[in-house]
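Novice: Below is the sequence, then the predicted model.
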Amino acid sequence: MSPTTSISQIQAWLESLRPKTLPLAVAAVITGSALASWTGHFKWPVALLALLTAAMLQILSNLANDYGDVVKGSDTRERIGPMRGMQKGLITARQMKNALKITVLLSCLSGIALIAVACNSPSDILGFLALGLLAIVAAITYTVGTRPYGYLGLGDISVLIFFGYLSVLGTYYLQVGTFSISTLLPATASGLLAVAVLNINNLRDIESDRQNGKNTLAVRLGGKKARYYHAVLLITAMLCLIVFTLLYLNGWLSWLFLLAFPLLLTQIAQVLRDPTPEGMRSKLVQMVKAALLTNILFSIGLVLN
């Protein structure tokens, strides 16, 4: 293998891993840990293992998405998004399957370590083992299998559940040892921001997805309604954080997350104004950064409250 080929393969794997999506998984765990800190129950070992587990599950989802989309013919050269390793022919199906097996193993090891450190009661151990297995299955079956739910328009609800409720509330519970209804609002906000990232991705690929039978929610809604849906996602996320702060926090530092709102409002205006799939390419990176910044600023406000 020549040095050039080796470098190309490394780049192909990095493209398939999609490191730019990892902030979404990290942001939800940061928010859950900040909520735990707010109640005085923050635990570093649990928070770090939760970050590692969330990152591994995100990588697993990314690899499975590449495999599933290429096998089903959704990732064609006409697709507007960046070409990945399998699509370029630099990663074979067998290599990707092996990578998926390794990532599943690493996710299991990380998740088991997290449960061992955080859980004491048999019910908690069994419950989080079940949730971990469900997360692994969901990461793979988004695009892989005979009836992948990502092709049925169910990706948005899955992202809300796993990036909002499971990641935020799960991280909180593992550190605090109990559930609080107050945490539902920031968990919902975190989940909706992640759904907005997925929606931008689906708006970008809406034409190729429609042609290849990948019926994402954006395809089902149509471009115009999907852009209004995007606005609803972001406005609702902002309202959730505002209501939580009004109900449970005090002091101006609690409102630091408002500094991220201009980015979210600009995102809404740009998405509503630009009806082209090509225009969504730059909006995707912007949305990831805006979601991460919103979660971080909200978390800082919680810790300092």
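Specialist: Ah, there it is. Numbering: from 1, shown residues only.
Novice: measure stretch 133-153 end to end?
Specialist: Separation of the first and last residues of stretch 133-153 by CA to CA, to the nearest Å is 22 Å.
Novice: What are the buried residues along it?
Specialist: Of the residues in stretch 133-153, those with enough neighbours to count as buried (16 or more other CB atoms under 10 Å) are 135-136, 138-144, 148, 150-151, 153. The C-beta positions use only the backbone N, C-alpha and C, and glycine is treated the same way.
Novice: Turn the residues you listed into JSON lines, including secondary structure and pLDDT.
Specialist: Written out in JSON lines, the entries for the buried residues of stretch 133-153 read as follows (DSSP: H, G, I helix; E, B strand; the rest coil; pLDDT from 0 to 100):
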{"residue": "Ala135", "secondary structure": "helix", "pLDDT": "93"}
{"residue": "Ile136", "secondary structure": "helix", "pLDDT": "93"}
{"residue": "Ala138", "secondary structure": "helix", "pLDDT": "91"}
{"residue": "Ala139", "secondary structure": "helix", "pLDDT": "89"}
{"residue": "Ile140", "secondary structure": "helix", "pLDDT": "89"}
{"residue": "Thr141", "secondary structure": "helix", "pLDDT": "90"}
{"residue": "Tyr142", "secondary structure": "coil", "pLDDT": "86"}
{"residue": "Thr143", "secondary structure": "coil", "pLDDT": "81"}
{"residue": "Val144", "secondary structure": "coil", "pLDDT": "83"}
{"residue": "Pro148", "secondary structure": "coil", "pLDDT": "85"}
{"residue": "Gly150", "secondary structure": "helix", "pLDDT": "83"}
{"residue": "Tyr151", "secondary structure": "helix", "pLDDT": "86"}
{"residue": "Gly153", "secondary structure": "coil", "pLDDT": "87"}
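Novice: Just flag the most distant two among those residues.
Specialist: Largest separation among the buried residues of stretch 133-153 by CB to CB: Ile136 and Gly153, giving 22.0 Å.
Novice: And the longest helix seen in the chain, what's buried?
Specialist: Among all segments of the chain classified by DSSP state H, the helix with the greatest residue count is helix 44-71. Along helix 44-71, the positions that meet the burial threshold by neighbour count (16+ other CB under 10 Å) are 46-47, 49-70.
Novice: Export only the CA atoms of stretch 237-252, formatted as PDB.
Specialist: The C-alpha coordinates for stretch 237-252 follow below in PDB (Å, rounded to 0.1, in the frame of the first residue of the first chain):
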ATOM      1  CA  ALA A 237     -36.200  24.700  22.500                       C
ATOM      2  CA  MET A 238     -35.700  28.300  23.400                       C
ATOM      3  CA  LEU A 239     -39.000  28.500  25.200                       C
ATOM      4  CA  CYS A 240     -38.200  25.400  27.200                       C
ATOM      5  CA  LEU A 241     -35.000  27.000  28.500                       C
ATOM      6  CA  ILE A 242     -36.700  30.300  29.300                       C
ATOM      7  CA  VAL A 243     -39.500  28.600  31.200                       C
ATOM      8  CA  PHE A 244     -37.100  26.400  33.200                       C
ATOM      9  CA  THR A 245     -35.000  29.500  34.100                       C
ATOM     10  CA  LEU A 246     -38.100  31.500  35.200                       C
ATOM     11  CA  LEU A 247     -39.400  28.600  37.300                       C
ATOM     12  CA  TYR A 248     -36.200  27.300  38.900                       C
ATOM     13  CA  LEU A 249     -33.200  29.700  38.700                       C
ATOM     14  CA  ASN A 250     -32.200  33.100  40.000                       C
ATOM     15  CA  GLY A 251     -29.700  35.700  39.000                       C
ATOM     16  CA  TRP A 252     -28.600  37.100  35.700                       C
END
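Novice: mind listing the helices for the chain?
Specialist: Using DSSP H, helices in the chain cover 3-17, 22-38, 44-71, 85-88, 93-118, 122-141, 155-159, 170-176, 184-204, 206-211, 217-221, 223-248, 261-273, 280-304.
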